[in-house]
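Chemist: show me how the following folds:
(one chain, ligands or ions: 1)
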Amino acid sequence: MGLLLDILKEVPLSAVLREQVKTADKENERLKQRVEELEREVQELRARVSAPDQCPICRSGNLKVISVRPHPQFGIFGHQEQTLKCDNPSCGRAVAIRHKTT
Ligand SMILES: [Zn+2]
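Modeler: Coordinates of the predicted model:
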């Protein structure tokens, strides 16, 4: 290590800085490529995740709340039972969900 430091003392500072800049540029380029890869991955994952009101069965209709009532078991704790129906006529499925009111 002593020898290396002795050599570095002989090298003009600008040469050392040029090497550091080159190394930083390479790292910067590598990170830019990684960010691009991750952005593509995020886009793909976003496309796969359905919107919160999208029907999980047909994936083309949207769920609309068609009725709200106190939940049969948990109504005394402020929970509601919401019935949601798919607006796609070829699907039309309905699901009931428990919803905590604030
Ligand atoms: Zn549906």
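Chemist: residue 53 reaches residue 63, doesn't it?
Modeler: Yes - under the criterion of CB atoms under 8 Å, residue 53 makes contact with residue 63 at 5.2 Å. C-beta: built from backbone N, CA, C; applies to glycine.
Chemist: go through the longest helix seen in the chain and flag the buried ones.
Modeler: Longest among the helix segments of the chain by residue count, using DSSP state H, is helix 13-48. Residues of helix 13-48 include none that count as buried (16 or more other CB atoms under 10 Å).
Chemist: tell me the gap between it and the middle of its chain.
Modeler: Distance of helix 13-48 from the chain centroid (CA atoms, centre = their mean, to the nearest Å) equals 20 Å.
Chemist: related to what we said a few turns ago, so residue 53 and residue 63 - more neighbours on which side?
Modeler: The residue with more neighbours, out of residue 53 and residue 63, is residue 63; 23 against 12, by other CB atoms under 10 Å.
Chemist: sec struct for the more buried one, please.
Modeler: strand (DSSP: H, G, I helix; E, B strand; the rest coil).
Chemist: enumerate every residue touching it.
Modeler: By CB atoms under 8 Å, 6 or more residues apart in numbering, the contact set of residue 63 is 53-55, 84-87, 95.
Chemist: pull out the buried members of these.
Modeler: Among the contacts of residue 63, those classed as buried by neighbour count (16+ other CB under 10 Å) are 55, 84-86.
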